[in-house]
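1. sequence unknown, structure follows:
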């Protein structure tokens, strides 16, 4: 049995993680966008926007890398617009990675590798890095779901609201 190419493995897992993130985003109450767990914590809307931006960064990874210049896109002001931005970003990122040629995962790109530190990283590693970053932020948002009394969907296993048996 032949093994899958890294790009194909990445896309398979990305599609599954995107679908799980959609479940979490759709479970969040639209009227709780400004909720935060502490005064200095991120709002739920900001976390959701970070999830959308994680897909948008694929454009930079597929070019020369990520350089912290310019301004960030404006965050949508409504939950439905945040959901739409996330969906568009998922579709675009998946399409663009899918169009990559063999060997492009091994191209070196420049990106932040630590606080105020730029470095080189394989394109494949950069893509995985941002996929994992999105999983981390989805976890943050799932904690917010419980804190606002909303339904917490199954993520990697059963939740209190979605038992498997």
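-> Nice, thanks for sending it over. Note that this is a predicted model, so its numbers are computed, not measured. Residues are numbered from 1 along each chain as shown.

2. do a quick rundown of the strands in this structure.
-> 108-114, 117-122 (DSSP state E).

3. TSV for these, including distance to residue 128?
-> C-beta here means a position set from N, CA and C on the backbone, and glycine is covered the same way. TSV is the format used below for the strands of the chain (distance: least, Cβ to Cβ, whole Å):
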stretch	distance to residue 128
strand 108-114	12
strand 117-122	9
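
4. which residues touch the closest residue to residue 13 other than its chain neighbours?
-> Once flanking residues are discounted, residue 13 sits nearest to residue 131: 7.1 Å by Cβ to Cβ, 6 or more residues apart in numbering. By Cβ atoms under 8 Å, 6 or more residues apart in numbering, the contact set of residue 131 is 10, 13, 14, 17, 54.

5. and residue 131, what's its pLDDT?
-> Per-residue confidence (pLDDT) for residue 131: 97.

6. now the contacts of residue 131: which count as buried?
-> Neighbour-count burial (16 or more other Cβ atoms under 10 Å) applied to those gives 10, 14, 17, 54.

7. hmm, back to that, now render the contacts of residue 131 as TSV, adding distance to residue 63.
-> Converted to TSV, the contacts of residue 131 look like this (distance: Cβ to Cβ, whole Å):
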residue	distance to residue 63
10	18
13	23
14	19
17	23
54	16
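
8. out of those residues, name the ones that lie in helices.
-> If you go by DSSP state H, the contacts of residue 131 have 10, 13, 14, 17, 54 in helices.

9. ok, so of those residues, who is nearest residue 88?
-> For the ones in helices among the contacts of residue 131, the closest approach to residue 88 (Cβ to Cβ) belongs to residue 54, at 12.8 Å.

10. find the centremost residue of this structure, please.
-> Central residue of the chain (Cα atoms, centre = their mean): residue 134, 3.2 Å from the mean position.

11. name the nearest residue to that one, sequence neighbours excluded.
-> The shortest distance from residue 134 to any non-neighbouring residue, by Cβ to Cβ, 6+ apart, is to residue 54 (4.3 Å).

12. so who does that neighbour touch?
-> Here residue 54 is in contact with 89, 130, 131, 133, 134, 137 (Cβ under 8 Å, 6+ apart).
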